[in-house]
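K.L.:
Pasted the sequence and its predicted model underneath.
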Amino acid sequence: MISNQILQSTLEGMKAITRVDLCITDTEGSLLAGTFPEAETQEAAAYTFANSPADAQVLGNYQFFKIFDDNQLEYILVACGASEDVYMVGKLAAFQVENLLTAYKERFDRDNFIKNLLLDNLLLIDIYNRAKKLQIEEQARRVCFVIETEAGKEMSALETVRNIYANRGHDFVTAVDGRTIILVREVREGESFEELDHAAREVIEGLRAAEILDVNIAYGTIVKDIKDVSRSYKEAMMAREVGKIFYPDQTIVAYNKLGIGRLIYQLPSSLCKMFISEIFEGKTPEQFDEETLQTINKFFENSLNVSETSRQLYIHRNTLVYRLDKLQKTTGLDLRVFEDAITFKIALMVVKYMSSKEEVFDGRKF
């Protein structure tokens, strides 16, 4: 169904060109849009005309026209004036609204198809049949973006993203829940993931220009067949969740750059608890003092470089070595050894993952 705002804008545009006043009612005669103050006085006549067999009729100084959608009566258009010129304007206006109905219906059908495609609600044969009917190319490189915005501005964000991609006819923008917008974007041959990052930044800039400031975007891998779009969508959804846990400061997260975080996210809780217990022997990183945690983080940031880490911490090299030796006694892991460092890093990430799930381990809440 076309919004009343669109109908009003259409009638105002027609009046500006033809100087003929127009109004539209529903089949019950209720006024939906109009360009003249007396439009409401035609509601009763519009209802009577809707139930008559005629497709067009002149009543006094007004001409009435029926607007159909697939042979079903949708609206009544009223043109002010009884001349032949007004009749022509009325027919043109009715034709314009019927075209709008077709366009909106096609967009609605496509939107429904994309939603069902993303959610795996279609059989394989239905995917190809409906894609063909809707003139959507089956073999094309596509990627799914999941755009999360601040609560309360969902509709504004949806329209903003649609406007950004209005001139790209092969892209689709839809919404699957209150805060999440999905962009299914066609990817040109040779277009890299760096260019997809750039596209994500353009969306963020466009939304911020519309005063929607809290925006996060995740995207999946590129797929080549329409049936695989749901896979890219699931990857993007996983990237969003993994990003919240391990990369909370990043506004753009790509599935192919999740690294170890993606593996940890798919581990069962029981295995995570056992791993933490083995590494920390009943302790958790939260029980380390602030000095130790700062040393660990800085050491990893500097790729296990003792000299650079001690310089950035403003401590003597021997002091850093002492702290690392102390940590080794506590955990049995020497962070100066690559294999031990990897084990410890993964353990920290597992703890962060468990904390995000608010799991309870040995009486402590993760």
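P.N.:
Looks like it came in fine. Only a predicted model underlies this, so the values are computations on that prediction, with no experimental measurement involved.
K.L.:
give me the low-pLDDT residue ranges for this structure?
P.N.:
Scanning the chain for pLDDT under 70 picks out the ranges 1, 106, 178, 282-287, 358-366.
K.L.:
now do 50
P.N.:
By pLDDT under 50, the weakly predicted segments of the chain are 359-366.
K.L.:
Tell me which stretches of it form helices.
P.N.:
Along the chain, the stretches classed as helices by DSSP state H are 4-18, 43-50, 84-118, 124-133, 154-164, 193-209, 229-246, 260-265, 269-280, 290-301, 306-312, 317-331, 338-356.
K.L.:
Let's have these in JSON lines, adding mean neighbour count and distance to Ala56.
P.N.:
The way it works is simple: take the backbone N, C-alpha and C, and place the C-beta from them, glycine included. Shown next, in JSON lines, are the helices of the chain (neighbours: other C-beta atoms under 10 Å; distance: least, C-beta to C-beta, whole Å):
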{"stretch": "helix 4-18", "mean neighbour count": "15", "distance to Ala56": "17"}
{"stretch": "helix 43-50", "mean neighbour count": "18", "distance to Ala56": "9"}
{"stretch": "helix 84-118", "mean neighbour count": "16", "distance to Ala56": "8"}
{"stretch": "helix 124-133", "mean neighbour count": "14", "distance to Ala56": "33"}
{"stretch": "helix 154-164", "mean neighbour count": "17", "distance to Ala56": "35"}
{"stretch": "helix 193-209", "mean neighbour count": "16", "distance to Ala56": "44"}
{"stretch": "helix 229-246", "mean neighbour count": "21", "distance to Ala56": "45"}
{"stretch": "helix 260-265", "mean neighbour count": "17", "distance to Ala56": "63"}
{"stretch": "helix 269-280", "mean neighbour count": "15", "distance to Ala56": "69"}
{"stretch": "helix 290-301", "mean neighbour count": "15", "distance to Ala56": "76"}
{"stretch": "helix 306-312", "mean neighbour count": "16", "distance to Ala56": "82"}
{"stretch": "helix 317-331", "mean neighbour count": "15", "distance to Ala56": "86"}
{"stretch": "helix 338-356", "mean neighbour count": "17", "distance to Ala56": "64"}
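K.L.:
could I get those as TSV with distance to Glu186?
P.N.:
Putting those into TSV (distance: least, C-beta to C-beta, whole Å) gives the following:
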stretch	distance to Glu186
helix 4-18	27
helix 43-50	43
helix 84-118	13
helix 124-133	13
helix 154-164	14
helix 193-209	11
helix 229-246	11
helix 260-265	25
helix 269-280	39
helix 290-301	38
helix 306-312	45
helix 317-331	50
helix 338-356	34
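K.L.:
Tally up the residues packed near Thr35, please.
P.N.:
18 (other C-beta atoms under 10 Å).
K.L.:
thinking Glu137 is in contact with His170, fair?
P.N.:
Yes. Taking C-beta atoms under 8 Å as the definition, Glu137 is a contact partner of His170 at 6.9 Å.
K.L.:
So the chain: which segments form each domain?
P.N.:
The chain breaks down into these structural domains: 4-98, 124-262, 267-365 (assignment by automatic domain parsing).
K.L.:
With distance to Phe108 added, can I get those in CSV?
P.N.:
Formatted as CSV, the domains of the chain follow (distance: least, C-beta to C-beta, whole Å):
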stretch, distance to Phe108
domain 4-98, 12
domain 124-262, 11
domain 267-365, 37
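K.L.:
Looking at these, which is nearest to Lys115?
P.N.:
Proximity to Lys115 (C-beta to C-beta) singles out domain 124-262 among these, at 5.7 Å.
K.L.:
gap between the two ends of that closest one?
P.N.:
Domain 124-262 has its terminal residues 28 Å apart, counting by C-alpha to C-alpha, to the nearest Å.
K.L.:
Wait, Asp225 touches Glu138, no?
P.N.:
Yes. Applying C-beta under 8 Å, one finds Asp225 in contact with Glu138, separated by 6.8 Å.
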